[in-house]
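Q: got a sequence here, can you build the structure:
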Amino acid sequence: MRLLNILTAALLPLTALAAKKTPAERFDAAWAKQVAAAGPAKLTDISYESLTKAPRDHSVAVLLTALDARFSCQLCKDFQSEWNLLAKSWIKGDKAAESKLLFGTLDFLDGKSVFQALQLQSAPVILLFKPTIGPHADNNNNPERFDFGGGQINKAEPVREWIAHHLPNRPHPAVVRPVDYVKLAIIGTAVLGVVTFGATAGHLVLPIIQNRNLWAAISLISVLLFTSGYMFNQIRKVPYVAGDGKGGISYFAGGFSNQFGAETQIVAAMYGVLAFATISLAIKVPRMTDPRAQQIAVIAWAAIILGMYSFLISIFRIKNAGYPFWLPPF
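A: The predicted structure follows:
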């Protein structure tokens, strides 16, 4: 027994030397596991430290996430498939491991110590560790950090661009998305349906499509809609109405850089009435055969134009308080 203890003690230094791998050996072992899994390695506190510790002649991209339902991290769940796709595409596109980049995923339940050490208050977060030795060594030992706040897109492509930016002068495989056969089938079915409908009902639909009055109406409605500020509302996400500060409702916003949804609809309707009145006065009224009816129509349409235009100017004075002109009755 005593001889066995002595022999064991003598072999301990040799065992420690065998267990201590060089950076190249650590990378080769991790790369082999990554290729076998065809995706990022699932890490723990221990494997995270082993993979990212210095010295290292390779880079490591680690996704710190919280996938358990108790954390209600929807972004974590949504991005996990994108992260797996990025790792798979990179591994497949860099079969010779020229970029020397490893991918890993550390879930909060498997890496509480790491999350605490990094003082992470939210997830997901991507850390990119650069080499500390070798031709691509970086003097900054702190990892680069990709946060998903601030308008970052939770897709694989922008993350791949971010990694490529921080790892220059080496291969950067593109993200290759699998073919969506369901989407192709839906598009093919839709195209066949359109072709079939055109072949069977084309003689009924074609006269409608070629109708000039229809296209004139569509064009006029579009012009009125967009000149009234519809795109402004869609871009700025403006409110429909607002309070006037006196317990009432304000339908018009002061200033040229402000606008309400109701304001757009009201102005578009006014433009529509003015356009219809002008067209009727110029085209319809001259064709009337009864002189008395024609006279009444002229007075009626002229009164409508005067009233609408007067109301339009009064609204313009709300937008620009310094506008000096006005028309009765407003």
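Q: report pLDDT for Arg2.
A: Arg2 is assigned a pLDDT of 49 by the prediction.
Q: hey, C-alpha coordinates of stretch 250-262 in CSV?
A: Coordinates of the C-alpha atoms in stretch 250-262 are reproduced here as CSV (Å, rounded to 0.1, in the frame of the first residue of the first chain):
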residue,chain,number,x,y,z
SER,A,250,-58.0,69.2,-30.8
TYR,A,251,-58.2,67.9,-34.3
PHE,A,252,-55.4,70.1,-35.8
ALA,A,253,-51.9,70.4,-34.5
GLY,A,254,-50.1,73.8,-34.6
GLY,A,255,-46.9,74.1,-36.6
PHE,A,256,-45.8,72.5,-39.8
SER,A,257,-43.8,69.7,-38.1
ASN,A,258,-46.9,68.4,-36.2
GLN,A,259,-50.0,66.6,-37.4
PHE,A,260,-52.8,64.4,-36.2
GLY,A,261,-54.4,61.5,-37.9
ALA,A,262,-57.9,63.1,-37.9
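Q: chain center to it, what's the gap?
A: 28 Å (CA atoms, centre = their mean, to the nearest Å).
Q: before we move on, what about stretch 293-309?
A: Remark: stretch 293-309 is offset 51 Å from the chain centroid, using CA atoms, centre = their mean.
Q: do the same with stretch 267-282
A: Taking CA atoms, centre = their mean, one finds stretch 267-282 lying 40 Å from the centre of the chain it belongs to.
Q: cool, stretch 239-259 as well?
A: The gap between the average C-alpha position of stretch 239-259 and the chain average comes to 30 Å, counting by CA atoms, centre = their mean.
Q: what's the end-to-end length of it?
A: One end of stretch 239-259 to the other measures 8 Å (CA to CA, to the nearest Å).
Q: what residues sit buried inside that stretch?
A: The neighbour-count check on stretch 239-259 (16 or more other CB atoms under 10 Å) flags 250-253, 259 as buried. All C-beta spots, glycine's among them, are computed from the backbone N, C-alpha and C.
Q: so where's the stretch 51-200 of the chain uncertain?
A: Segments of the stretch 51-200 of the chain classed as low confidence (criterion: pLDDT under 70) are 149-153.
Q: mind putting the buried residues of stretch 239-259 into TSV with secondary structure, distance to Leu184 and pLDDT?
A: Supplementary listing: the buried residues of stretch 239-259 in TSV, determined by DSSP: H, G, I helix; E, B strand; the rest coil; distance: CB to CB, whole Å; pLDDT from 0 to 100:
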residue	secondary structure	distance to Leu184	pLDDT
Ser250	strand	51	87
Tyr251	coil	48	87
Phe252	coil	49	86
Ala253	coil	47	85
Gln259	coil	42	85
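Q: nearest to Pro329, of the residues you listed?
A: Proximity of the buried residues of stretch 239-259 to Pro329 (CB to CB) peaks at Phe252, which lies at 18.3 Å.
Q: so that closest one sits against Thr264, correct?
A: No. The pair Phe252 and Thr264 does not pass the contact test of CB atoms under 8 Å, sitting 10.3 Å apart.
Q: can you map out the strands along the stretch 1-150 of the chain?
A: Secondary structure of the stretch 1-150 of the chain, counting by DSSP state E, counting those that start in this stretch: strands at 41-42, 59-65, 101-107, 125-129, 144-147.
Q: I'd guessed Val62 sits against Pro124; true?
A: No. With contact defined as CB under 8 Å, Val62 does not reach Pro124; the gap is 10.5 Å.
Q: can you redo the strands of the stretch 1-150 of the chain as JSON lines with mean neighbour count and distance to Glu25?
A: As requested, the strands of the stretch 1-150 of the chain are exported to JSON lines (neighbours: other CB atoms under 10 Å; distance: least, CB to CB, whole Å):
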{"stretch": "strand 41-42", "mean neighbour count": "17", "distance to Glu25": "16"}
{"stretch": "strand 59-65", "mean neighbour count": "24", "distance to Glu25": "15"}
{"stretch": "strand 101-107", "mean neighbour count": "24", "distance to Glu25": "14"}
{"stretch": "strand 125-129", "mean neighbour count": "21", "distance to Glu25": "18"}
{"stretch": "strand 144-147", "mean neighbour count": "14", "distance to Glu25": "25"}
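Q: next, format the ones you listed as JSON lines and append distance to Lys319.
A: Rendered in JSON lines, the data for the strands of the stretch 1-150 of the chain read as follows (distance: least, CB to CB, whole Å):
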{"stretch": "strand 41-42", "distance to Lys319": "60"}
{"stretch": "strand 59-65", "distance to Lys319": "50"}
{"stretch": "strand 101-107", "distance to Lys319": "55"}
{"stretch": "strand 125-129", "distance to Lys319": "46"}
{"stretch": "strand 144-147", "distance to Lys319": "41"}
